[in-house]
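Colleague: Here you go, sequence then predicted model.
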Amino acid sequence: AQTVTQSQPEMSVQEAETVTLSCTYDTSESDYYLFWYKQPPSRQMILVIRQEAYKQQNATENRFSVNFQKAAKSFSLKISDSQLGDAAMYFCAYRSPYTQGGSEKLVFGKGTKLTVNP
Amino acid sequence: DGGITQSPKYLFRKEGQNVTLSCEQNLNHDAMYWYRQDPGQGLRLIYYSQIVNDFQKGDIAEGYSVSREKKESFPLTVTSAQKNPTAFYLCASSRGNYNSPLHFGNGTRLTVT
């Protein structure tokens, strides 16, 4: 079974600075999707960015970008020009297209709590 | 605006009572999911449904039941058999393709005493 590991339970960053959140995963599959979700204090999960494994180019969404290292099974999230509104729990997630019954379950890491200091 | 509505936001029950959490979506999504979130545990899948009248157990289905009689609705019942029901419950939906992201509701905080 696939597993997702976020080794940093908590991180902090100064406003306007850059921070990188780590995520590693374990899989024997060659194609899959990776996601970063943000959960602010309101507790709604919001999609930040996604990456398909067969695409070598790292995904970017405005101030958010990923460093996808397929061989190392690493999928880190970089937040540039951090803002106070970026403070949240961040979850890394893995999705395989080959799960039982053809479903597409999402496997989540345990999350990293990001604090943004003014 | 399209979205997912979970109700209520907070729910309190006495031990031994069944309780049903509501989840409605107007995104016309085929697939719907229920996740449980505990502190330090991330999200764990309880049940999912890819089409109406069909659903599958997730990783922690014991003590829970679901139904999918309509495309828009996927209620979750927490039964008295669930040993530790107090948690935050998140409902989600997606188009059903593996490259489609999940859209989440705002969640329901269930407290059982």
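Modeller: The structure has been received and is ready for your questions.
Colleague: pLDDT at the residue lying closest to B:Phe104 once chain neighbours are set aside, what is it?
Modeller: Of all residues not flanking B:Phe104 in the chain, A:Met45 sits nearest, at 3.9 Å (Cβ to Cβ, 6 or more residues apart in numbering or on different chains). All C-beta spots, glycine's among them, are computed from the backbone N, C-alpha and C. For A:Met45, the pLDDT comes out at 92.
Colleague: likewise A:Glu29?
Modeller: pLDDT, A:Glu29: 85.
Colleague: B:Asp59 now?
Modeller: 88.
Colleague: which SS class is it?
Modeller: coil (DSSP: H, G, I helix; E, B strand; the rest coil).
Colleague: so it sits right up against B:Arg44, yeah?
Modeller: Yes - at 5.5 Å, B:Asp59 and B:Arg44 qualify as touching, with contact defined as Cβ atoms under 8 Å.
Colleague: In terms of neighbours, single out the busier of the two.
Modeller: The neighbour count for B:Asp59 versus B:Arg44, taken as other Cβ atoms under 10 Å in any protein chain shown, is higher for B:Arg44 (16 against 13).
Colleague: where does chain B come near chain A, residue by residue?
Modeller: Residues of chain B lying close to chain A by Cβ under 8 Å from any Cβ of the partner chain are B:31, B:33, B:40-45, B:48, B:50, B:56, B:58, B:88, B:90, B:92, B:94, B:96-107.
Colleague: From those residues, keep the buried residues only.
Modeller: Neighbour-count burial (16 or more other Cβ atoms under 10 Å in any protein chain shown) is assigned, among the residues of chain B next to chain A, to B:31, B:33, B:42-45, B:48, B:50, B:56, B:58, B:90, B:92, B:94, B:96, B:98, B:100-107.
Colleague: nearest residue to A:Ser96 other than its sequence neighbours?
Modeller: Nearest to A:Ser96 is A:Tyr32, by Cβ to Cβ, 6+ apart, at 5.0 Å.
Colleague: Good, wrapping up.
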